[in-house]
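Q: Build the 3D model from these lines:
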Amino acid sequence: MKSTFKFVIALFAVTAAAQAGPVDITSSDGFIIKGDYLPGTKDGAGVLLLHQCNQDRHMYDSVAPLMQKRGLNTLAIDLRSYGESTGGEYILKKIRSNPDPEARRKFFRTMVQDKWTADVLVAYDFLRTKIGSDQPIGAIGASCGGREAIKLAGTRPVSVLALFSSAMRGPMFDGYKALPGKPTLFITSEDERDNVQPYFDLATHPSNRLVEYAGVGHGKPLLDRDPSLAGSISNWFFVHLNK
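A: Next up, the predicted model:
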């Protein structure tokens, strides 16, 4: 049965991240995607972690080490033009400095729709080479990263999903609807619940879960405020990737 949980947020310090292993992943056009790979056990499943658009891969610094302790192999990447995945024309400051607003929108739209999709596919394939062909892979996406997780699941085998403050309409809603029933963890704040609820209502897997926090918060701030959330995400993937 699908379940909903509500939490009142308290302010606590975030658990320090364990040492991650930096990796360079070459995308289909030769661009270098930066990431952190944390190896779990030899027979452990994999999890790809995709950040939101005002963060970078380090938003998961409190999550990935907990997954690693549970034997999961994790890969967190910087989406192109964010974090350390920058260079050439793909530098966020350079993109935003273009005085032509339509040109800015067009460049960013093309980067997101085409380049990010290709980059995430290559990251998935990199993770697959690390864990082998027999182990399942899950994906978590925050905000715009949720869109990439849904697109990935429509192209590659993704066994478990987590959508973190992710509310996409139109094509992405249709994309999620077209997916076979997958265990999906939905994380939202109270003020964004109306945007996430349609996804939860649409989801068909009996183990789907909606975690709602009181008040306002979008993605990373929820991890900062609730130290138990990182463990909840880790446990979700551990349980459902090992069924």
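Q: List the residues that contact the nearest residue to Ser165 once chain neighbours are set aside.
A: Nearest residue to Ser165 in three dimensions, chain neighbours excluded: Gly219, at 4.2 Å (Cβ to Cβ, 6 or more residues apart in numbering). Every residue, glycine included, has its C-beta placed from N, CA and C. Gly219 sits next to Gln52, Gln55, Met59, Ala142, Ser143, Phe164, Ser165 when contact means Cβ atoms under 8 Å, 6 or more residues apart in numbering.
Q: Would you convert the residues you listed into JSON lines that also reports secondary structure?
A: Formatted as JSON lines, those follow (DSSP: H, G, I helix; E, B strand; the rest coil):
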{"residue": "Gln52", "secondary structure": "coil"}
{"residue": "Gln55", "secondary structure": "coil"}
{"residue": "Met59", "secondary structure": "helix"}
{"residue": "Ala142", "secondary structure": "strand"}
{"residue": "Ser143", "secondary structure": "coil"}
{"residue": "Phe164", "secondary structure": "strand"}
{"residue": "Ser165", "secondary structure": "coil"}
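Q: so which of those residues is the most crowded?
A: Using other Cβ atoms under 10 Å as the neighbour test, the contacts of Gly219 are led by Phe164, with 31 neighbours.
Q: Settle this for me: that residue is touching Cys144, isn't it.
A: No - contact status for Phe164 versus Cys144: not in contact, 10.8 Å apart, counting by Cβ atoms under 8 Å.
Q: A helix includes Leu79, no?
A: No - if the criterion is three-state DSSP, then Leu79 is coil and not within a helix.
Q: Now do it against Lys243, distance only.
A: 30 Å (Cβ to Cβ, to the nearest Å).
Q: all helices for this protein, in order.
A: With DSSP state H, the ranges of helices along the chain come out as 64-69, 92-96, 101-110, 117-131, 144-153, 171-178, 193-202, 220-225, 227-241.
Q: Dump the contacts of Gly219 into TSV; add pLDDT and distance to Asn98 as well.
A: Below are these laid out as TSV (pLDDT from 0 to 100; distance: Cβ to Cβ, whole Å):
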residue	pLDDT	distance to Asn98
Gln52	96	23
Gln55	96	23
Met59	97	26
Ala142	96	26
Ser143	93	23
Phe164	95	30
Ser165	94	28
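Q: What is the nearest of those residues to Gly215?
A: Ser165 (13.1 Å; Cβ to Cβ).
Q: Nearest the geometric middle of this protein, what residue?
A: Closest to where the C-alpha atoms of the chain average out (Cα atoms, centre = their mean) is Gly141, at 2.1 Å.
Q: Perfect, that will be all.
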